[in-house]
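K.L.:
Prediction below, plus the sequence it came from.
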Amino acid sequence: MTIPALTVTDVGHTYDAQPTLEDVSFTVAEGEMLCVVGPSGCGKTTLLRILAGLQPPTRGRVEVAGQPVTDLDRGIAVVLQDYHRSLPPWLRVADTVALPLLDTGLDKTERTQRVRDALTSVGLSDVDRKRPAQLSGGMQQRVALARALATRPAILLLDEPFASVDAQTRFELEDLLLRVRHQHAVTTVLVTHDLDEAAYLGDRVLTLSRGPATTVHSTLTVDLPAPRHQIRTRESAAFVALRAELAADLTATLAPAGASADPHESRSTPVPTVRDAVHDFLRAQDMTTVFGNPGSTELGFLAPWPIDFRYVLALEEGAATAMADGYAQITSGPVLVNLHSAAGIGNAMGAIITAHHNRTPLVVLAGQQARAMLPHDPFLANLDPTGLGGTYFKQACQPARAQDVPETLARAVQIATQPPCGPVLLSVPADDWAAPASPVGDRPRPAPCGPDPTAVRELVDVLGRSSRTAFVVGAAADQEGAVPALVTLVDRLGPDVWAAPLSHRCSFPENHPRFAGHLAASEGPLTAALTGYDAIVVLGAPAFTYHVPTQAQHALSRLFVVSDDPQILARTPADAIGIHTSLALGIDSLITATASWTPVPPPPQRTPTPAPPQSETITAAQVLATLAELLPADAVVVEEIPSHRTELHRHLPITHTDAGFLTTGGGVLGYSVPAAVGAALAAPTRRIVALVGDGSLMYRPQALWTAAQQHTPITIIVLDNSGYGALHAMAADAGAHGVPGLDINGLDFVGLAQSMGCHAFSVTAPAALRDALTDALHATAPTLVHIYVEPSHQPLRNPPPRPASPAQPGAARGGETSC
């Protein structure tokens, strides 16, 4: 006896004590397409969710090839109607199709081939590098279908897949589905409200009744000749008769008015709650990945949790916030972290300070005790919901009324994403979520502002007369996607390019022949490095951020500061000229203003950095130089090794955009590993590497658990020098001897990582280093490599300046970079 591909037996479902499905039974043969129709509110969507394993039936069972469906691991793939909500806007098409393959154990070669085959089968082999926003609606739905097919499913479930496209595109997609289904011989269940579509596509059509509990009304076999043709088939007498029979069946199922049973398809329009309005707004803003650690005051926001949302659980609020920060750094969009009242904000405060300095569009949604209890200072109340974070929030607000929560959230997102971006706080009392509220409309974000043309002309005039120019570049260049334009400008003008002190992102390719190095966060060494330039232009950074107090030895020449942050411009030296603009638009204005200039000749290529000397024990320089040779081209490095930063800059140049993140923004440790987890969730096809010191790792070790639970294949490299090396260096510079608390011993990093569910191993011998790093960089699960390294107590100083190349306006300049 042949076992059906799909068997549904006596399935029932109850919602709010009311039966919505009752004794639904049917089978689907292998390779067959069953189309499901029924009146609005009959339970089609609920039935599909049960078939997919997305929600359990109240009674009865669903089996695939004789095995019960209890989760999503039975070879079932789903394509939804709202395809645009399921395609991450920041991922390219190939990466989107590859998403469901990442946790399958397939190697990269097999995953790549499956993606290529799936895209070819839906006619999209030439759009693999595009993003969803660059595709039409029909093409986006093809991507969703390709993603499902890439998993080689036994069962393909489609929920109104063509309802959101125009008629012509629907016909094209219907024919594509017929071809793909026969090509892959996949068993298919399609839910639709369109009787013509059901008759045209199906081998059988199942009609559901409605109310008070839905059951199977009838099943019709479709006997139409193949191949089917959109015009000839629909004009045939057999099709017309079948369509009429389906219409008669559907009419017979209609129950008395008001008997809608399915909560997902109800004809009535229930009054939306604050929770409904907030979830809908977050969905419209592509903010469906939420980080948090739940508490009792947040339950109203979390239940019921939308099926198309992702909740990333962290075991500590600071880790959740740093994960959200790393996620936003990759996506360049707003992200929501849900914290538990005042205690959660307090635990997360260090990470919030980092997000403030990183200019992260972070929306902190914090729980609060119920409004009725607040006058009595109850347990878990936030006594100062708008003042707890101080100036580290761009705005902190607790709405005066429950119905104001959705609108206040919309405003908070606007404020978080307006330059300069930064964290905002919204405190919501626990009893607000069930209150009625109106939906919130979309909020288009204001366009960035450009520079004052007069200021641009003045800067261009100075650049035209300068014989030696320095650009000091900060994190904003990478954050605004302006690095390629900046490279074009540098190739034309020929300045030396320095990285700004303590910049938290690498914003210029460090293998470019014009890259001069990293400026120290100390006035004396910094001014020494910049002395001799006729003009200095600071792009997207303060002028300047210092850490070590020293005396400037030289006065700097003409200084310009280009930034969108009024606070940065207000802090510039008195004789500097500030230009208020989006950095990207400011660079574009300079490119336009210098369009007639002949590029300056390129300097000689930089002499490669010598390999670090071999030794009996591993040094940080050896680790970083080896890592530089092994890293994939599109890898992301999240760094937190302050005592080895000199070796980092020397041996591990960052050459691509969105690839180098440094824990320097706020000086708060505990960022690297959780930020790497967030980055991996945002860019699952890129290799994410967390470089972390032994002391730094212990600030947020809980992030290792989330890495394992989320199956993020990040690589964590722990450089263990048995102490706080940066403090050793500063104490030595200050002549402070005998400082206590600088040494760390007795930590088992391998055991710690393994207890959290990660793979982990130690390396002690230089001969084993390359193989160990190679294995870790190819692992398909989060992997920690613990490396004992020689202590390095070198303070961070400027590298020696590169010799200046002749540069004059009008001379030619080339040079290629990896960006």
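P.N.:
Arrived safely. Residues are numbered from 1 along each chain as shown.
K.L.:
in the stretch 251-400 of the chain, which segments are predicted with low confidence?
P.N.:
Scanning the stretch 251-400 of the chain for pLDDT under 70 picks out 253-270.
K.L.:
For it, just list every one of the strands.
P.N.:
Assigned by DSSP state E, counting those that start in this stretch, the stretch 251-400 of the chain shows strands spanning 289-292, 310-313, 335-339, 362-368, 395-397.
K.L.:
Pull up the pairing partners for the last one, direction included.
P.N.:
Same thing as strand 395-397. Sheet pairing for strand 395-397, assigned by DSSP bridges, gives strand 424-429 (parallel).
K.L.:
after the host helix or strand of Ser696 comes which helix or strand?
P.N.:
Here Ser696 sits within helix 694-697, counting by DSSP states H and E. Downstream of helix 694-697, the next assigned helix or strand under DSSP H and E is helix 703-709.
K.L.:
Would you mind listing the outside residues contacting that next one?
P.N.:
Residues from elsewhere that reach helix 703-709, judged by CB atoms under 8 Å, 6 or more residues apart in numbering: 312-315, 319, 322-323, 673-674, 676-677, 680, 714, 716, 752-753, 756-758, 781-782, 784. To be clear about C-beta, it is placed using only N, CA and C from the backbone, and glycine gets the same treatment.
K.L.:
okay, Val8: pLDDT?
P.N.:
Val8 carries a pLDDT value of 90.
K.L.:
Leu590 versus Pro602, what's the distance?
P.N.:
19 Å (CB to CB, to the nearest Å).
K.L.:
Which one of those two is surrounded by more residues?
P.N.:
Leu590 (25 against 17; other CB atoms under 10 Å).
K.L.:
ok, Thr764 to Thr783 distance?
P.N.:
17 Å.
K.L.:
likewise Phe515?
P.N.:
31 Å.
K.L.:
ok, now Val428?
P.N.:
In terms of CB to CB, Val428 sits 39 Å off from Thr783.
K.L.:
out of those two, which sits in the busier spot?
P.N.:
Between Val428 and Thr783, counting by other CB under 10 Å, Val428 is the more crowded of the two (27 against 22).
K.L.:
How about the contacts made by that one?
P.N.:
With CB under 8 Å, 6+ apart, Val428 has these contacts: Val274, Phe301, Leu365, Ala366, Gly367, Gln368, Gln398, Pro399, Val405.
K.L.:
ok, so of those residues, who is nearest Met698?
P.N.:
Ala366 (26.1 Å; CB to CB).
K.L.:
The closest one reaches Leu380, doesn't it?
P.N.:
No - using CB atoms under 8 Å, Ala366 and Leu380 do not qualify as a contacting pair, with a distance of 11.1 Å.
K.L.:
Pick out whichever of the two has more residues nearby.
P.N.:
Neighbours per residue (other CB under 10 Å) separate Ala366 from Leu380, with Ala366 holding more: 29 against 17.
K.L.:
what sits against the more buried one?
P.N.:
338-342, 344-345, 382, 385, 425-428.
K.L.:
does Leu669 sit in a helix, a strand or a coil?
P.N.:
Using DSSP: H, G, I helix; E, B strand; the rest coil, the three-state assignment for Leu669 comes out as coil.
K.L.:
ok, now how distant is it from Leu489?
P.N.:
Distance from Leu669 to Leu489, by CB to CB: 35 Å.
K.L.:
Send me the helix holding Ser696 as PDB with only the CA atoms.
P.N.:
Taking C-alpha atoms only, helix 694-697 is exported to PDB below (Å, rounded to 0.1, in the frame of the first residue of the first chain):
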ATOM      1  CA  ASP A 694      40.600  37.400  28.200                       C
ATOM      2  CA  GLY A 695      39.500  40.200  30.500                       C
ATOM      3  CA  SER A 696      37.000  41.600  27.900                       C
ATOM      4  CA  LEU A 697      35.300  38.300  27.300                       C
END
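K.L.:
Name the surrounding residues that touch that helix.
P.N.:
640-642, 663, 669-670, 672-673, 716, 718-724, 744, 747, 749.
K.L.:
Can you go through these and name the buried ones?
P.N.:
Buried by 16 or more other CB atoms under 10 Å: 640-642, 663, 669-670, 672-673, 716, 718-724, 747, 749, out of the contacts of helix 694-697.
K.L.:
Show me which residues of the helix or strand hosting Ala690 are buried.
P.N.:
In the assignment (DSSP H and E), Ala690 maps to strand 688-693. Judged by neighbour count using 16+ other CB under 10 Å, the buried positions of strand 688-693 are Ile688, Val689, Ala690, Leu691, Val692, Gly693.
K.L.:
Which of those sits closest to Asp534?
P.N.:
Leu691 (37.3 Å).
K.L.:
Nearest residue to the closest one in space, please, no chain neighbours.
P.N.:
Glu639 (4.7 Å; CB to CB, 6 or more residues apart in numbering).
K.L.:
next one: Asp280
P.N.:
Pro439 (6.1 Å).
K.L.:
is it true that the one you found touches Pro272?
P.N.:
Yes - using CB under 8 Å, Pro439 is in contact with Pro272, at 6.1 Å.
K.L.:
re the thing from before, just the contacts of helix 694-697: which are in helices?
P.N.:
Within the contacts of helix 694-697, membership in helices is found for Ser672, Val673, Phe749, as judged by DSSP state H.
K.L.:
so what pLDDT did the first one get?
P.N.:
Right, Ser672. The predicted local confidence for Ser672 is 96.
K.L.:
if I look at it, how far off is Gly60?
P.N.:
49 Å.
K.L.:
Likewise for the second one?
P.N.:
Plainly put, Val673 is 45 Å away from Gly60 if you go by CB to CB.
K.L.:
low pLDDT regions in the stretch 501-650 of the chain?
P.N.:
Applying pLDDT under 70 to the stretch 501-650 of the chain flags the ranges 552-554.
K.L.:
can we see that at 80?
P.N.:
Of all residues in the stretch 501-650 of the chain, those with pLDDT under 80 make up the ranges 548-555, 606.
K.L.:
Would you check that Gln329 makes contact with Ala659?
P.N.:
No - with contacts defined as CB under 8 Å, Gln329 does not count as touching Ala659, sitting 10.9 Å away.
K.L.:
Look at these two and report which has more neighbours.
P.N.:
Comparing Gln329 with Ala659 by neighbour count (other CB under 10 Å), the higher total belongs to Gln329, at 27 against 21.
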